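Colleague: Attaching a predicted model along with its sequence, questions to come.
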Amino acid sequence: MFSPIRRIAEAFTPKTITIGTTLIFAGVGGAYALRLRDSLRQTNPRHIQSSVAVSESLVDSNTVRKLVNPRSHGSKGDSHSIILSLCSRKNVASEKDLLSAFVTGFFSGPVFLPESIALTLFPLSKVSYDELIPTTDQKVIWSAKQLSDTQLPPISSILWGTFQIAEIELSDSQASESIGSRAVIVFGDNKGSFAGCHRFSVKRLDPSTDNKADEIKFRLSLECLVCDPTSSEPKESEFLHKVHNNYSYFLFRDAVAHTKARFNSLIESSH
């Protein structure tokens with residue numbers, strides 16, 4: 001009765017184990033590369049506006065002034081934005097709907113996947129802001145499956161031990177003129193040498209003569225700001241700043257791709 005098991009065991013030589021492991025990693029790597037390619041192909045780089053600076057509204061925001069950079073030290077940042085056109089003849093998506101999908105796409109796509117795995121296996125970096133008081137409904141998120149395309153995580157929720165929801169502002173969907181909706185997520189430690197935030201924004205644009213009769217446009221924006229709260233001179237080198245700028249650019253494209261997939265039927269109908 002043991003002969004089949006013995007034959008199987010004899011087949012697992014160091015050589016076959018090495019070859020098998022290599023093929024598995026190659027298969028996983030190939031599948032990941034295809035998923036990454038398919039996601040990034042959903043956004044046209046020519047439609048994205050990028051800058052190595054952030055808006056004054058972020059610099060002057062409560063999150064930055066009270067949490068990330070209370071001493072107004074030197075900071076660096078980058079920003080990316082795109083305009084998304086949806087069909088208005090069907091159920092029109094709200095800014096909240098788009099913002100929820102936008103944030104989920106940022107943390108659930110293939111670009112962020114390696115970082116999420118690293119943060120799960122080696123949880124060395126902990127977000128720490130004493131001013132962010134825990135709430136009764138806050139969540140601790142370690143998996144993209146815990147994120148929702150229709151609901152943002154509550155204030156103070158912690159993602160992968162490294163990011164924390166600091167601010168959520170949703171505009172009145174019934175207002176004639178939108179001021180935009182946003183979610184701000186902090187990382188780092190304002191008592192240490194590294195702190196920063198990501199601000200996700202969605203704003204419904206006013207109708208213009210360029211719009212089609214059945215079209216409504218939204219601007220999706222991602223801004224990132226980092227600083228050293230303990231020093232007036234930011235320690236991040238220009239090289240690291242460029243690396244982070246490129247990384248945030250691909251994270252943005254991934255998040256937009258997820259948002260477009262979420263509202264695919266509306267996007268297809270608007271062309």
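Modeller: Sure thing, it's come through. Numbers count the residues shown, from 1 in each chain.
Colleague: okay, which residue is most central for the chain?
Modeller: What sits nearest the mean C-alpha location of the chain, by CA atoms, centre = their mean, is residue 106, with 2.5 Å.
Colleague: residue contacts, that one?
Modeller: Contacts for residue 106 (CB atoms under 8 Å, 6 or more residues apart in numbering) come out as 112, 198, 200, 222, 251-252, 254-255, 258. In this view, the C-beta of every residue, glycine as well, is placed from N, C-alpha and C.
Colleague: hmm, try it at 10 Å
Modeller: Taking CB atoms under 10 Å, 6 or more residues apart in numbering, we find residue 106 in contact with 112, 147, 159, 163, 185, 198, 200, 222, 248, 251-252, 254-256, 258-259.
Colleague: what's the closest of those residues to residue 34?
Modeller: Each of these was scored against residue 34 by CB to CB, and residue 254 proved nearest at 14.3 Å.
Colleague: For stretch 184-195, measure first residue to last.
Modeller: Stretch 184-195 has an end-to-end distance of 13 Å (CA to CA, to the nearest Å).
Colleague: Report the distance from it to the chain centre.
Modeller: 17 Å (CA atoms, centre = their mean, to the nearest Å).
Colleague: Do me a favour and average the pLDDT over stretch 161-170.
Modeller: For stretch 161-170, mean pLDDT rounds to 96.
Colleague: Revised request: answer the last question for stretch 32-43.
Modeller: Mean per-residue pLDDT for stretch 32-43: 76.
Colleague: just to revisit the earlier point, quick check: the residue nearest to the centre of the chain vs residue 196, distance?
Modeller: Going from residue 106 to residue 196 by CB to CB, to the nearest Å gives 15 Å.
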